[in-house]
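Visitor: Here you go, sequence then predicted model.
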Amino acid sequence: MLEGGRSQVHAEAMRAEELRGKAMKCRDLRSDLDVSAAELGNLLELARHVKQFPNLYREALEGRYISLLFEKPSLRTRLTFELAAKQLGGDAVTVVGPIGDREPLKDVARNLDRWTHGIVARVFWQQTIEDLAHYANVPVINALSDLYHPCQALADAQTMLEHLGTLRGKKLCYLGDGNNVAHSLGLTVSRLGMDFVIAAPAGYEPRGEVWQSVQQLAEEHRVAAQVTTRPEEALEGADVVYTDVWASMGLEHETVQRRIDFKDFTVTEALMARANPGAIFMHCLPAHRDEEVTDAVMESPQSVVFDQAENRLHAQKALLLSLLGGA
Ligand code: CP
Ligand code: NVA
């Protein structure tokens with residue numbers, strides 16, 4: 001029983017209904033941009049409540065099933081979606097391997113939407129997500145593509161809120177490759193009121209069209225969005241220091257060249273000291289120690305990487321509740 005007894009249980013159950021009732025207009029999560037700034041706030045509040053009171057939601061998706069498709073490896077995304085579906089009273093079925101090799105993608109999409117209530121896909125190309133969303137009637141969630149990793153950004157926002165209290169007026173410094181994780185972070189945190197700076201070696205900046213959207217959102221929300229090649233300067237005043245692998249899945253053949261190009265971008269204790277005192281260190285994982293981050297930083301009290309990993313579960317529960325019509 002909750003502290004405060006039966007009346008508090010009732011109040012929190014009402015709150016759960018209220019939060020689930022704030023339906024999202026979007027049907028899919030193809031990228032972070034499918035969710036409006038207001039919906040993002042609702043999702044984060046629902047994720048916070050689901051984390052605090054998981055039992056209030058344990059039957060919310062009873063009889064609902066999700067298809068999980070993975071063209072690339074996964075530990076966190078796969079397990080947290082499978083667990084989220086089960087802990088909400090539903091279930092998940094998982095397929096690993098290329099999508100659309102054995103039969104056209106449009107046929108795969110229309111098979112899955114006859115059997116399951118949602119499709120979660122990790123793919124090589126964003127176009128695969130777009131095509132799945134076009135042909136399937138059920139919601140499609142992007143579980144990482146070449147361009148975006150919106151589920152990660154959602155869990156990261158939840159983690160930052162837990163550690164920093166409020167995000168407005170805070171600064172996130174991302175060091176490394178201007179990749180899918182960097183794109184989704186930029187699109188998400190600029191709408192939560194954070195200044196965002198990416199320090200990347202020349203040639204590894206974020207993709208032009210995505211960065212344009214980040215800058216537009218930053219302008220709308222009156223925050224800064226910058227790209228630089230100078231890590232030390234980027235870290236000045238940072239409340240969050242974030243990094244990711246230098247060679248994303250599918251780019252392993254570039255690993256040797258990237259180790260050379262990114263050699264000044266390892267997050268070391270010395271670099272962390274350039275950020276604000278008390279700054280937190282974040283990484284979506286998996287981490288490559290002594291490439292993008294040292295073991296000392298990963299294991300330091302500033303590191304919140306396992307809180308991020310935990311919050312994948314809670315944030316994705318909020319997403320499934322919102323998109324699969326659990327209310
Ligand atoms: N961070 C993340 O998406 O982890 P996985 O690749 O293990 O799913
Ligand atoms: N940028 C990385 C993220 C892994 C979770 C990749 O795409 O491999």
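Guide: Yep, that arrived. Ligands and ions are numbered 1, 2, ... in the order given.
Visitor: Nearest to ligand 1 within the stretch 201-327 of the chain, name that residue for me.
Guide: At 3.9 Å from ligand 1, Cys284 is the closest residue in the stretch 201-327 of the chain, using C-beta to the nearest ligand atom. Backbone N, C-alpha and C define where each C-beta goes, glycine included.
Visitor: Break down the chain into its helices, ranges please.
Guide: Ranges of helices within the chain are 6-21, 37-52, 76-87, 105-115, 126-135, 150-164, 180-189, 208-220, 231-235, 255-261, 269-272, 295-298, 305-323, based on DSSP state H.
Visitor: how deep is Glu59 tucked in, by neighbour count?
Guide: 12 (other C-beta atoms under 10 Å).
Visitor: sorry, back to before: weakest of the helices of the chain by average pLDDT?
Guide: Lowest mean pLDDT within these: helix 6-21, a mean of 86.
Visitor: and the protein, which of its residues are near ligand 1?
Guide: Selection of the chain residues close to ligand 1 by C-beta under 6 Å from any ligand atom yields 74-77, 144, 152, 284-285.
Visitor: PyMOL command to pick out the buried ones of those residues?
Guide: In PyMOL, this line selects whichever of those come out buried by 16 or more other C-beta atoms under 10 Å:
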select buried, resi 74+76+77+144+152+284+285
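Visitor: Turn the residues of the chain next to ligand 1 into JSON lines, including distance to ligand 2.
Guide: What follows is the residues of the chain next to ligand 1, written out as JSON lines (distance: C-beta to the nearest ligand atom, whole Å):
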{"residue": "Ser74", "distance to ligand 2": "8"}
{"residue": "Leu75", "distance to ligand 2": "9"}
{"residue": "Arg76", "distance to ligand 2": "7"}
{"residue": "Thr77", "distance to ligand 2": "7"}
{"residue": "Leu144", "distance to ligand 2": "6"}
{"residue": "Gln152", "distance to ligand 2": "7"}
{"residue": "Cys284", "distance to ligand 2": "5"}
{"residue": "Leu285", "distance to ligand 2": "7"}
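Visitor: any chance of the residues of the chain next to ligand 1 in a markdown table, with distance to Leu33 too?
Guide: Formatted as a markdown table, the residues of the chain next to ligand 1 follow (distance: C-beta to C-beta, whole Å):
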| residue | distance to Leu33 |
| --- | --- |
| Ser74 | 23 |
| Leu75 | 27 |
| Arg76 | 23 |
| Thr77 | 20 |
| Leu144 | 16 |
| Gln152 | 15 |
| Cys284 | 19 |
| Leu285 | 24 |
